[in-house]
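> Return a 3D structure for these sequence lines:
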Amino acid sequence: MPIYSYQCQACGHVLEALQKISDKPLTDCPVCHQSELKKQLTAAGFRLSGSGWYETDFKKEKRKNIAGDQPSESKAKPEAKPKEAAGSTPAA
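As a prediction, this is how the structure comes out:
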């Protein structure tokens with residue numbers, strides 16, 4: 001069940017209510033008992049993380065991992081070794 005946020009237009013009291021989607025909105029303020037409660041617009045309380053359909057189906061051009069653009073350590077390129085100068089001999 002979703003949690004809805006309400007604010008009383010008369011006294012400013014803010015409350016959250018756990019309600020079914022099919023439930024009628026609350027109207028009476030529990031503090032001042034006026035019929036002035038208005039439902040507020042709030043952000044969703046979840047975040048998609050990890051790998052899944054939202055990553056593979058919505059990725060952009062060159063981005064392989066939307067969740068994190070940094071490559072993992074196992075896939076990181078090895079560092080190039082410096083070439084020895086011509087004519088020098090390696091130390092024994």
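> who are the neighbours in contact with Thr42?
Taking Cβ atoms under 8 Å, 6 or more residues apart in numbering as the criterion, Thr42 is in contact with Tyr4, Ser5. For glycine as for every other residue, the C-beta is placed from the backbone atoms N, C-alpha and C.
> if I look at it, how far off is Leu15?
Using Cβ to Cβ, to the nearest Å, Thr42 is found at 12 Å from Leu15.
> Find residues that contact each of those two.
Ser5.
> what about Cys29, how many neighbours?
Neighbours of Cys29 under the rule other Cβ atoms under 10 Å: 20.
> Name the helix or strand for the residue nearest to Val14 when sequence neighbours are not counted, please.
Counting by Cβ to Cβ, 6 or more residues apart in numbering, Val14 lies nearest to Gln7, which is 4.9 Å off, once chain neighbours are set aside. Taking DSSP states H and E as the definition, one finds Gln7 inside strand 3-8.
> what does that strand rub up against?
Identification of contacts with strand 3-8 by Cβ under 8 Å, 6+ apart yields 13-19, 25-26, 29, 31-32, 34, 36-40, 42, 45.
> Run through who's touching the next helix-or-strand element following that strand.
Moving toward the C-terminus from strand 3-8, the next helix or strand (DSSP H and E) is strand 14-18. With contacts defined as Cβ under 8 Å, 6+ apart, strand 14-18 is touched by Met1, Pro2, Ile3, Tyr4, Ser5, Tyr6, Gln7, Cys8, Leu26, Pro30, Gln40.
> and the least confident of these?
Lowest pLDDT of the contacts of strand 14-18: Met1, 77.
> That residue - how many residues pack around it?
9.
> One more: Gln19?
With other Cβ under 10 Å as criterion, Gln19 counts 16.
> which non-adjacent residue is nearest it?
In space, Gln19 comes closest to Tyr4 once its chain neighbours are excluded; the distance is 5.6 Å by Cβ to Cβ, 6+ apart.
> tally of neighbours for that neighbour?
17.
> Name only those of the contacts of strand 3-8 that count as buried.
In terms of neighbour count (16 or more other Cβ atoms under 10 Å), the buried residues within the contacts of strand 3-8 are His13, Ala17, Gln19, Leu26, Cys29, Glu36, Leu37.
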